[in-house]
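[1] Quick check, what structure comes out for this input:
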Amino acid sequence: MTEEPSSISPSALEDFDALFDGVIAPALAPYEAERQVVLKRFWRFVTGGAVLGVVLAVAFPLLKGKVDFDGLFGLVIMATIGAAAFGYMPVHRFQERCKTRALTDLATTLDMTYDAAGFEPVALDRLTALKLIPRDFDSSAFEDLFGGERAGARFQLYEANLTRGSGKNRTTLFHGQILKIAFPKRFLGVTIVNRDFQRWFKPEGFQRVGLGASQFERIFEVFGTDQVEARFLVHPAFMERLIAVEAAMAGKSLRCAFEGGDLLVAVEGGDLFEIVDVFKPLPDRKATEKGVGELRAVLNLIDTILAPPPNVWAEAGKA
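    Modelled structure (predicted):
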């Protein structure tokens with residue numbers, strides 16, 4: 001029977017020791033014995049592949065009557081890599097199972113929800129319609145959906161990987177995090193904040209909005225359907241927070257939009273929240289601390305985004 005994670009205040013996200021000892025360690029420690037078995041099987045595959053490669057490397061020259069040392073070495077390497085790739089599949093499944101258990105318990109403790117995969121990608125269609133994410137992808141994968149509430153606003157955060165083509169011709173169009181924050185009031189118009197080098201993606205019906213701050217105009221381009229509201233929303237403090245969000249996610253090319261009653265954010269980057277290293281004893285403090293730190297940074301920055309200068313969000317929702 002699965003034990004419920006310890007009850008710790010959401011503010012305890014700042015106390016890593018409490019989270020590690022009270023939530024992460026109890027979630028992952030029971031998997032340590034299985035981890036050792038899984039890894040033994042993996043190394044058997046690798047060893048078997050290497051042995052097979054050596055056997056083939058010895059047999060082929062005997063059949064051909066000549067020795068090709070480059071070819072022999074290539075056979076050994078190919079057989080080893082192939083066996084390792086095949087043997088790693090159960091290792092990966094085990095690692096994802098551990099990660100899901102740990103992040104689910106962590107999210108529950110922090111009064112959030114977590115879905116590893118199999119969820120509907122919120123806001124993706126809106127971001128593609130606003131030309132903030134390429135729409136011509138033919139393959140997609142989504143993982144690590146966090147949901148909850150911060151400062152009275154509901155949010156959803158997940159990772160997206162959008163690609164086009166197949167095999168050697170596969171191209172990654174977007175890989176990073178997508179964040180949706182629902183504000184208590186709807187916006188009168190639509191405001192888009194894009195990178196300066198993506199200014200040609202301006203949707204029809206939008207006008208350029210001057211930022212009044214040269215340092216941000218060198219980085220971002222702002223377009224809106226309501227000039228007054230756009231200037232209300234995209235103030236210098238908000239632009240500073242966008243740059244901070246990008247840094248916290250170790251990402252690049254952040255862009256966002258105020259649309260309907262939501263702030264939609266897309267930032268290109270790598271994999272976040274990887275709190276399990278299956279090649280180290282469970283739980284591994286270093287891997288866990290990195291993942292928890294990434295989650296803490298994102299949530300703290302959501303709080304920062306939701307703390308604008310006085311009356312900005314309230315005024316933006318008034319007619």
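
[2] Could you check which helix or strand contains F174?
    strand 171-182 (DSSP states H and E).

[3] and what of I192?
    Going by DSSP H and E, I192 is in strand 191-195.

[4] Packing partners of that strand?
    strand 220-224, helix 227-233, strand 252-259 (3 or more C-beta pairs under 8 Å, 6 or more residues apart in numbering; DSSP states H and E). (C-beta placed from N, C-alpha, C; glycine too.)

[5] Using the record's assignment, carve this protein into domains.
    15-109, 115-316 (automatic domain parsing).

[6] Compare the mean pLDDT across those and name the weakest.
    Least confidently modelled of the domains of the chain is domain 15-109, at a mean of 81 by mean pLDDT.

[7] Can you get me the start-to-end distance on it?
    End-to-end distance of domain 15-109 (C-alpha to C-alpha, to the nearest Å): 13 Å.

[8] Stretch 17-37 now?
    29 Å.

[9] which of the residues in it are buried?
    Using 16 or more other C-beta atoms under 10 Å as the test for burial, stretch 17-37 gives L19, F20, G22, V23, I24, P26, A27, L28, Y31, R35.

[10] Report the separation between the last one and V276.
    Look at R35 and V276: by C-beta to C-beta, to the nearest Å, they are 9 Å apart.

[11] where do the contact lists of those two overlap?
    Overlap of the contact sets of R35 and V276 (by C-beta atoms under 8 Å, 6 or more residues apart in numbering) consists of C98, L282.

[12] got the angle for the strand holding I192 vs strand 220-224?
    If you take axes from the mean of the first three to the mean of the last three C-alpha atoms, to 10 degrees, strand 191-195 sits at 160 degrees to strand 220-224.

[13] May I have the strands that pair with strand 191-195, each with its orientation?
    Paired neighbours of strand 191-195 in the sheet (DSSP bridges): strand 220-224 (antiparallel), strand 252-259 (antiparallel).

[14] Contacts made by it with the rest, please.
    130, 132, 201-203, 206, 209, 219-226, 229-230, 233-234, 239, 242, 253-259.

[15] When you filter those down to buried only, what's left?
    Buried members of the contacts of strand 191-195, scored by 16+ other C-beta under 10 Å, are 130, 132, 201, 206, 209, 219-226, 229-230, 233-234, 239, 242, 253-259.

[16] quick one: contacts for R241?
    Each residue near R241 by C-beta under 8 Å, 6+ apart is listed here: L301, T304, I305.

[17] How far off centre is the strand holding I192?
    Distance of strand 191-195 from the chain centroid (C-alpha atoms, centre = their mean, to the nearest Å) equals 21 Å.

[18] quick one: the helix or strand just after that strand to chain centroid distance?
    Remark: after strand 191-195, the chain's next helix or strand is strand 207-209, criterion DSSP H and E. Put simply, strand 207-209 sits 30 Å off its chain's centre (C-alpha atoms, centre = their mean).

[19] Paired strands for strand 207-209, with orientation please.
    Take DSSP bridges as the rule and strand 207-209 pairs in its sheet with strand 220-224 (antiparallel).

[20] Name the SS class of F86, please.
    helix (DSSP: H, G, I helix; E, B strand; the rest coil).

[21] That one - nearest residue in space that isn't next to it in sequence?
    Excluding the flanking residues, the one nearest F86 by C-beta to C-beta, 6 or more residues apart in numbering is F45, at 6.3 Å.

[22] From A18, how far off is A25?
    Counting by C-beta to C-beta, the gap from A25 to A18 is 11 Å.

[23] TSV for the helices and strands packed on strand 191-195, including distance to Q95?
    Formatted as TSV, the helices and strands packed on strand 191-195 follow (distance: least, C-beta to C-beta, whole Å):
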stretch	distance to Q95
strand 220-224	38
helix 227-233	41
strand 252-259	27
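
[24] Show me the one of the ones you listed that comes nearest E268.
    strand 252-259 (4.7 Å; C-beta to C-beta).

[25] Which helix or strand lies directly C-terminal to that closest one?
    Strand 252-259 is succeeded, C-terminally, by strand 262-268 (DSSP H and E).

[26] which residues touch the helix or strand just after that next one?
    Where DSSP H and E defines the elements, the next helix or strand beyond strand 262-268 is helix 285-305. Residues outside helix 285-305 that contact it (C-beta under 8 Å, 6+ apart): 13-14, 16, 19-20, 24, 102-103, 106, 146, 150-151, 155, 157, 177, 179, 181, 238, 241, 244-245, 248-250, 263, 272-277, 280.
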